[in-house]
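In: Fold the following.
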Amino acid sequence: MSLEKYIREVQDFPKEGIGFKDITPLLLNSNARNECLTILLSAVKDKKIDKVIGVESRGFFFGILLAEALNVGFIPVRKPKKLPYETISASYDLEYGSDSLEIHIDAIQKGDKVLIHDDVLATGGTAKAVCELVERLGGEIVQVNFLMELSFLNGRQKLDGKELFTALTY
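Out: Residues are numbered from 1 along each chain as shown. Below you'll find the model as predicted:
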């Protein structure tokens, strides 16, 4: 099955000049969604994982599915002031602005093996910030995986030394 046909490109979203990769058609199709989950799971089949992080917001979709399939805990990493308990934060730049992310201070215990999942690897700023949060809490990053990578933005360079997996590359 070709997952690419389930990714819709929306021009000039969220601002002019951006070609947004919309995963809604993929989420709508159970066969495509299941195939995508199988591909993402195949990249971690021989790895010990204690927790899966899903990055707000589109990283939640497959992040929770990965955690369920691996029978491990799920950690939401969110934009500021969205988590109810005490948090730490990290700032990052992205292809169309800047922002920050937060994680609960008790989400990761020292030595936890963590799989980080997000929908897109673009400039790498978001993923780098999440890696920083995991490491500040004492977690060990097993892999950073993505549904898709926009390789022309060179996001991999910001994640030097981390094991990466992407299901699709553009």
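
In: how far away is the spatially most central residue of the chain from residue 84?
Out: Central residue of the chain (Cα atoms, centre = their mean): residue 118, 1.4 Å from the mean position. Between residue 118 and residue 84 the computed distance is 22 Å (Cβ to Cβ, to the nearest Å). Just so you know, the C-beta spots here come from the backbone N, C-alpha and C atoms, and that holds for glycine as well.

In: Could you do residue 63 as well?
Out: 19 Å.

In: who has more neighbours, those two?
Out: residue 63 (26 against 7; other Cβ atoms under 10 Å).

In: Surely that one is in a helix?
Out: Yes - looking at residue 63 with DSSP: H, G, I helix; E, B strand; the rest coil, it is inside a helix.

In: Go ahead and confirm it touches residue 72.
Out: No - using Cβ atoms under 8 Å, residue 63 is not in contact with residue 72, being 11.0 Å away.

In: Name the residues contacting each of those two.
Out: Common contact partners of residue 63 and residue 72 (Cβ atoms under 8 Å, 6 or more residues apart in numbering): residue 52.
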